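Participant: the sequence and its predicted three-dimensional model are supplied below.
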Amino acid sequence: MRVFVVYGSESGTAEGNIRKITKAWKASTPGVDFEICEGSAVARMGLATLKDAADFLVVATSSNGEGDPPYNFHAFLSALYAAKDAG
């Protein structure tokens, strides 16, 4: 089984926390492959590729301002909205 963990983080706090959480998940679920990836990298990869590469998707992000996503999450969020609008 493969779990993709996608994060967005402005200052690095959300990234650090998701890495700690994923480390604990790895320790408690032997045989499960976890891959941590920044949102912008996943957007470049393409959502269709992600669908074929993972059995489960975990998304974690910080926010700033009035709930705005961090810079490294914008492209991933845009891809999610585009996929939703495409049907």
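Facilitator: Yes, it's here.

Participant: which other residues reach stretch 32-52?
Facilitator: With contact meaning Cβ atoms under 8 Å, 6 or more residues apart in numbering, stretch 32-52 is reached by 1-9, 15, 18-19, 22, 25-26, 54, 57, 61, 69, 72-80, 83. Every residue, glycine included, has its C-beta placed from N, CA and C.

Participant: now do that stretch, average pLDDT.
Facilitator: What stretch 32-52 shows for mean pLDDT is 90.

Participant: got the CA coordinates for that stretch in CSV?
Facilitator: Below are the C-alpha coordinates for stretch 32-52, written out as CSV (Å, rounded to 0.1, in the frame of the first residue of the first chain):
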residue,chain,number,x,y,z
VAL,A,32,3.1,0.8,4.1
ASP,A,33,5.0,3.1,1.9
PHE,A,34,4.6,6.8,2.7
GLU,A,35,5.8,9.5,0.4
ILE,A,36,5.8,13.1,1.5
CYS,A,37,5.6,15.7,-1.2
GLU,A,38,5.2,19.5,-1.4
GLY,A,39,2.0,20.6,-3.1
SER,A,40,3.7,22.5,-6.0
ALA,A,41,5.7,19.4,-6.8
VAL,A,42,2.5,17.3,-7.0
ALA,A,43,0.9,19.8,-9.2
ARG,A,44,3.9,19.6,-11.7
MET,A,45,3.5,15.8,-11.6
GLY,A,46,-0.2,16.0,-12.4
LEU,A,47,-3.2,14.8,-10.5
ALA,A,48,-3.7,11.9,-12.9
THR,A,49,-0.2,10.6,-12.1
LEU,A,50,-0.9,10.9,-8.4
LYS,A,51,-4.1,8.9,-8.7
ASP,A,52,-2.1,6.0,-10.2
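
Participant: list the buried residues in it.
Facilitator: 34, 36-40, 42-43, 50 (16 or more other Cβ atoms under 10 Å).

Participant: brilliant, that's me finished.
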